[in-house]
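Asker: sequence and predicted structure are below.
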4 protein chains.
Amino acid sequence: MIVHLKQGVGEKGLEKVLNKAEEIGICSSQLDISQGDTCVIGIKGDTSKVNEQSFENMSEVEKVIRITEKWKALSKKFHPEYSVIELPNGVKVGKDLVIIAGPCAVESYEQVLETAKIVKAAGANALRGGAYKPRTSRLDFQGLEEEGLNILARVKKETGLPIVTEIMDKEDIPLFEKYGVDIYQVGARNCQNFRLLKALSRIDKPVLLKRGSGITLNEYLNAADYIYSGNGKANPKVILCERGDKSYDPEHRNVLNINNIVYLKKECHLPVIADPSHAGGKRDMVISLAKASIAAGADGLIVEVHYDPDNALCDGAQSLTKPYFSRLVKDIDKIFRAR
Amino acid sequence: MIVHLKQGVGEKGLEKVLNKAEEIGICSSQLDISQGDTCVIGIKGDTSKVNEQSFENMSEVEKVIRITEKWKALSKKFHPEYSVIELPNGVKVGKDLVIIAGPCAVESYEQVLETAKIVKAAGANALRGGAYKPRTSRLDFQGLEEEGLNILARVKKETGLPIVTEIMDKEDIPLFEKYGVDIYQVGARNCQNFRLLKALSRIDKPVLLKRGSGITLNEYLNAADYIYSGNGKANPKVILCERGDKSYDPEHRNVLNINNIVYLKKECHLPVIADPSHAGGKRDMVISLAKASIAAGADGLIVEVHYDPDNALCDGAQSLTKPYFSRLVKDIDKIFRAR
Amino acid sequence: MIVHLKQGVGEKGLEKVLNKAEEIGICSSQLDISQGDTCVIGIKGDTSKVNEQSFENMSEVEKVIRITEKWKALSKKFHPEYSVIELPNGVKVGKDLVIIAGPCAVESYEQVLETAKIVKAAGANALRGGAYKPRTSRLDFQGLEEEGLNILARVKKETGLPIVTEIMDKEDIPLFEKYGVDIYQVGARNCQNFRLLKALSRIDKPVLLKRGSGITLNEYLNAADYIYSGNGKANPKVILCERGDKSYDPEHRNVLNINNIVYLKKECHLPVIADPSHAGGKRDMVISLAKASIAAGADGLIVEVHYDPDNALCDGAQSLTKPYFSRLVKDIDKIFRAR
Amino acid sequence: MIVHLKQGVGEKGLEKVLNKAEEIGICSSQLDISQGDTCVIGIKGDTSKVNEQSFENMSEVEKVIRITEKWKALSKKFHPEYSVIELPNGVKVGKDLVIIAGPCAVESYEQVLETAKIVKAAGANALRGGAYKPRTSRLDFQGLEEEGLNILARVKKETGLPIVTEIMDKEDIPLFEKYGVDIYQVGARNCQNFRLLKALSRIDKPVLLKRGSGITLNEYLNAADYIYSGNGKANPKVILCERGDKSYDPEHRNVLNINNIVYLKKECHLPVIADPSHAGGKRDMVISLAKASIAAGADGLIVEVHYDPDNALCDGAQSLTKPYFSRLVKDIDKIFRAR
């Protein structure tokens, strides 16, 4: 950690800052002081428990720079091996190319089953479908709730596909357990719902944590660490998911942050998948973004597919039909092998 | 609502869209069809329950434009009178200049009491302080929790100031009731935590809903409507709060969205306050942003003040000291009277 | 074009708008009027010369929506064939995989020659190098200017590689002609320097127009149309180039807008290349972004390479060394064939 | 300047960096070396001519942090007195409240004269009007060019108001001189057109430099320094102007960056005005943003006014009419005195 003092704070200012350092438990042997136009103090050793605000709050201090991030537990620097998470059907997330596909929202048993058959036949290795839907307006369809979980469980039994569905509140965990949800998805809007994250650090199921729109990598990885490192208990089965940011350009609903995928694969040992559906908005865009994500290093995709998108209750325009999805699977498979 | 068809869908495409309209309950007398290079269908009458996705999903449709927003209940067009929310001490939010001030986090009884005395003396009419703190990293101070609520209740008794504190999960509502919290604050990160919003539509206390960073006005007002209009029960005591967006400019932690304040006062009848502390980051900036917000039409402020910011556990650098806060109150009072 | 009137403007308001339409030369047979809660007027036929502001300015008008973009000449809807631009060495931009590589700035004959040999050997088919450098600060290296053009011309003679270099002002065109520049590059900061664009519509050389950071697709394509369609003379040899946007995330210098590449290839017939160097900032990032761009459909790349990046006068950290560049060429070639 | 080395580069890495420092002329007495987990080198003394890229390019270096900005000449730290620029009519920009008002584009003598009379009567102290218009599309009205300058000159003679108009290319400077333009405006799109800025450093007239959308404060102040400090000759009469950024929110055309106004007044000694018209887009918004800007510390405004906005050729919707403008002048005057 590096503490820059303000210009002109003098010896007295420096002393005050050094006293603060002592007060919060930093030994003087950890300190290096560089006096120039301004004074800079380097703090060596383990600083993960030093709160930078202890210094930032001081009127003598210009800026504090943290060298080692707080999400050290997720960092490839400290854990060079990539994490691999195995699903009930043997698919290894972080190693195999994983394709999670299915409808935006669970609407009926028939809809989920038909869609599941399509995606399984085309090569998907897990099934998505929302039972609880976070919707911008209270007037929009909010999901079938428990009935939706029940449908997913039945289709899982029928097809053998592990099921992925979104959790909006920790009080639903017992229901998710009852219906055998295989991957708990945390949506972009709940990326920093810390109470939910804390609760998910205490379960023994993989958690797919979407990056919230406008959330920095540092915020995102710290959010993931709420689950991964927990407090007391911990859940190392975290899957990261990039889904794009809003744009100043009215042409785009969202823009996939391709730099983030590269960064996450380089700096963090957790599996990283991409959601090209929310970032793309339209079918052709979805396929091209999927290919770009895999070329950039993503471990897989989560994609919206619907057997009859014209009548979908949610996000039909970005849902792939059977022929589109088959093309996507073939295309990304070629890219995966060529990358 | 206006439905633009794609170029070249022809009579057959139009017919398909008209069938869909009938299917979802729109009478043909509500429709106006304009045939040019492309075909445009206008839907008249109440469309607040028409889901635009019913049309957006269709391959024949280019774009759907909603004319009347879903948050109609909050709109000044339909409710031209401004809403006024009265606090226990008689302050009328939406009419009087309201100043909510206090520490970022509750740290101790002494800290809150001393800060409360300062802000009360200077002219604040409510006290803020976080007992539950949503923090980027799990390693940061998470708040005193119930003990923090207890401290706030004691200081309220001592000073008569109504208390404002953040709620992170609906399971805490009974505790908030027990300790007599006067205004439930929903933080920026929970702006679209719909389960929490739904629960808050069932209480009888004012809710201060901060706009999340990166949340559009349409998303924000729809979030507010989850509380205001509710489902079944409803809670009309909603206070809006603008707190800024992240910036591409490393000079700024956040940038206050001053256009939003103007828009909200013009389009919505709910009270609107500004949070210049999170948008400003530094003391001088905080005061200038406070003045600009009031000049732009805000009904008040929520400001971080600390009796000893050098030793604050959270956000000390942006917390005002006693002399800064006194200056702020005087300054904004002058602007309030001149605007 | 669609003109939405404001609520409550009545018959009188409608009449005023219709008079305006007549005044600016729209026949009544071009108009379709739809009366509902609000009134909507559709304008059929060719509206590319109708200025939407004629209506937007009126106090009766809520919003004007343009259906056909002004950059019609660039649109695949109207010109379904992709444009192909042939370079002097026979490379077909828009068809072949094109790789433009070389140093950020021309520093010396030796530097350019050595770098050119490296990139040619690895498979590049054009050489880049800045003689005129737009730099954030006046204190930074501003380029060798004419001497730089001279060096490029000599290296072109030596290696046979066509040369690509940036033009900052139209007064330099004669010098560019004298030294035989093959592709005139317009940098991101000059993307909307309309005087420069107009001048480049009058030359007979390909122009590589970078998208400016923060420029929308509509603005960008209109800028390209200043060159492509010109006024009087016109220059159809325009190459588009995506180079990313600034980010709110301090981890990224820029973020490549991968959605833009997909959009441009889908909607516009001009060749599109990507600049992963400015979007990436670091070598590993550059290679991964290059792969993603090609997977997304880009026709090629412009990449910074330096034979000795440690001593580069400009952007050394993002310049690829010989082994990195060789790997990049091999990698993108595989992706190009697999996509 | 502070140079952070990468982890694990060891003694050899440090030596390489120290050699580089020597090579570019830094004395060893200017260096402070702090060895911890990583090594940090502080460079003391004047570093304004040290190019951070000399270090950034090195594979041993993690990050370089500049303490003193390159735009030192504009900094209040080094020049604590505010600059004041006097106009021909005695108005002191940087001291008096300055209001520059007039039409977006010069359309006719009558239009400019009538508008000038309105704004003068209401209290404006300079007249704006565009003779050369940078327009998104080549099909939009591009301005009356020389004829526009002529009209402005005639209206200036008639009314005594100094004239402010936009320059798009340095070749127009002689014409601007001929027609006696009082303030040369550089539009947002040319904020980093460095050739133009260099040319304007050689004239003896005030230059109003708008911040480009998406341009950081550091980039903006460096752009201003191209004019202010120049190379050889210099032009200290620079007026800064904040005009907002694009937004991800479709409700806003632009969002005024109010934090920037506060920052610029605090860190830089040049006058700062605000352009609420482009940031606001609609009349009510324009007035509120104007008030907020003045409350935040701006020295004045540049505002679009039109005597007949319904028939404006450009930006009519955001142009104020006579009663709106009169209200604005009264309102901001009250705020100016109360701030």
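Answerer: Nice, I can see it.

Asker: which elements pack onto the longest helix belonging to chain A?
Answerer: Taking DSSP state H as the criterion, chain A has its longest helix at helix A:322-338. The helices and strands touching helix A:322-338, judged by 3 or more C-beta pairs under 8 Å, 6 or more residues apart in numbering or on different chains; DSSP states H and E, are strand A:98-102, helix A:109-122, helix A:283-296, strand A:300-304, helix C:322-338. Bear in mind the C-beta positions are built from the backbone N, C-alpha and C, glycine included.

Asker: now with 6 Å?
Answerer: helix A:109-122, helix A:283-296, helix C:322-338 (3 or more C-beta pairs under 6 Å, 6 or more residues apart in numbering or on different chains; DSSP states H and E).

Asker: report the angle between it and strand A:98-102.
Answerer: Here the directions of helix A:322-338 and strand A:98-102 differ by 170 degrees (axes from the mean of the first three to the mean of the last three C-alpha atoms, to 10 degrees).

Asker: list the buried residues of helix A:322-338.
Answerer: A:Lys322, A:Tyr324, A:Phe325, A:Ser326, A:Leu328, A:Val329, A:Asp331, A:Ile332, A:Lys334, A:Ile335, A:Phe336, A:Ala338 (16 or more other C-beta atoms under 10 Å in any protein chain shown).

Asker: which one of those is nearest A:Trp71?
Answerer: A:Phe336 (27.7 Å; C-beta to C-beta).

Asker: tell me the confidence at the closest residue to the closest one other than its chain neighbours?
Answerer: Leaving out its chain neighbours, the residue that sits closest to A:Phe336 by C-beta to C-beta, 6 or more residues apart in numbering or on different chains is A:Leu97, at 4.9 Å. pLDDT, A:Leu97: 98.

Asker: likewise for A:Asp37?
Answerer: For A:Asp37, the predicted pLDDT is 67.

Asker: next, count neighbours for the residue nearest to A:Phe336.
Answerer: 20 (other C-beta atoms under 10 Å in any protein chain shown).

Asker: that one is in contact with A:Ile335, isn't it?
Answerer: No. Between A:Leu97 and A:Ile335 there is no contact under C-beta atoms under 6 Å: 9.6 Å.

Asker: please report how far A:Ile238 lies from chain B.
Answerer: Not quite, residue A:238 is Val, not Ile. Per C-beta to the nearest C-beta, to the nearest Å, A:Val238 is found 13 Å from chain B.

Asker: try A:Leu209
Answerer: 14 Å.

Asker: what's the helix or strand for that residue?
Answerer: strand A:207-210 (DSSP states H and E).

Asker: next one: that strand to chain centre, how far?
Answerer: With C-alpha atoms, centre = their mean, to the nearest Å as the basis, strand A:207-210 stands 5 Å off its chain's centre.

Asker: and if you look at stretch A:326-336?
Answerer: For stretch A:326-336, the distance to the chain centre is 23 Å (C-alpha atoms, centre = their mean).

Asker: do stretch A:300-310 as well
Answerer: That offset, for stretch A:300-310, works out to 20 Å (C-alpha atoms, centre = their mean).

Asker: quick one: average confidence on it?
Answerer: 92.

Asker: check stretch A:245-258 too.
Answerer: If you average the pLDDT values across stretch A:245-258, you get 94.

Asker: that one and chain D in contact?
Answerer: Yes. Against chain D, stretch A:245-258 shows contacts by C-beta under 6 Å from any C-beta of the partner chain at A:Lys246, A:Tyr248.

Asker: just the CA coordinates of that stretch, formatted as CSV?
Answerer: The C-alpha coordinates for stretch A:245-258 follow below in CSV (Å, rounded to 0.1, in the frame of the first residue of the first chain):
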residue,chain,number,x,y,z
ASP,A,245,-22.8,-2.7,-19.9
LYS,A,246,-25.3,-0.1,-20.9
SER,A,247,-24.3,2.2,-23.7
TYR,A,248,-24.6,5.8,-24.7
ASP,A,249,-25.3,4.6,-28.2
PRO,A,250,-29.1,4.1,-28.8
GLU,A,251,-28.2,1.3,-31.2
HIS,A,252,-27.2,-1.0,-28.4
ARG,A,253,-29.3,-2.3,-25.5
ASN,A,254,-26.0,-3.4,-23.9
VAL,A,255,-22.4,-3.8,-25.0
LEU,A,256,-20.5,-6.9,-24.1
ASN,A,257,-17.3,-6.0,-22.3
ILE,A,258,-14.9,-8.2,-24.1
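
Asker: in that stretch, what's buried?
Answerer: A:Asp245, A:Lys246, A:Ser247, A:Tyr248, A:Asp249, A:His252, A:Arg253, A:Asn254, A:Val255, A:Leu256, A:Asn257, A:Ile258.

Asker: and if you look at stretch A:67-77?
Answerer: Using 16+ other C-beta under 10 Å as the test for burial, stretch A:67-77 gives A:Ile67, A:Thr68, A:Glu69, A:Lys70, A:Trp71, A:Lys72, A:Ala73, A:Leu74, A:Ser75.

Asker: right, and the fifth one touches A:Leu221 too?
Answerer: Yes. In this structure, A:Trp71 is within contact of A:Leu221 by C-beta under 6 Å, at 4.1 Å.

Asker: A:Ser277 and D:Glu304, how far apart?
Answerer: In this view, A:Ser277 and D:Glu304 are 42 Å apart by C-beta to C-beta, to the nearest Å.

Asker: in which helix or strand does A:Leu313 reside?
Answerer: Applying DSSP H and E, one finds A:Leu313 in no helix or strand.

Asker: and the gap between the closest residue to it other than its chain neighbours and B:Phe194?
Answerer: Excluding its sequence neighbours, the residue lying closest to A:Leu313 (C-beta to C-beta, 6+ apart) is A:Phe141, at 4.7 Å. Distance, A:Phe141 to B:Phe194, using C-beta to C-beta: 13 Å.

Asker: check A:Val305 too.
Answerer: With C-beta to C-beta as the criterion, A:Val305 and B:Phe194 are 25 Å apart.

Asker: what does A:Ile41 give?
Answerer: Counting by C-beta to C-beta, the gap from A:Ile41 to B:Phe194 is 45 Å.

Asker: A:Leu149 now?
Answerer: 18 Å.

Asker: again, but for A:Phe325
Answerer: A:Phe325 is 29 Å from B:Phe194, by C-beta to C-beta.

Asker: about what we covered before: what's the farthest-apart pair in the buried residues of stretch A:245-258?
Answerer: A:Tyr248 and A:Ile258 (17.4 Å).

Asker: ok now stretch A:264-271, how far from the chain's centre?
Answerer: With C-alpha atoms, centre = their mean, you get 11 Å for stretch A:264-271.

Asker: and if you look at stretch A:50-57?
Answerer: Counting by C-alpha atoms, centre = their mean, stretch A:50-57 comes out at 28 Å from the chain centroid.

Asker: and for stretch A:162-169?
Answerer: 14 Å.

Asker: that one and chain B in contact?
Answerer: Yes. Stretch A:162-169 is in contact with chain B by C-beta under 6 Å from any C-beta, via A:Met168, A:Asp169.

Asker: alright, I will stop here.
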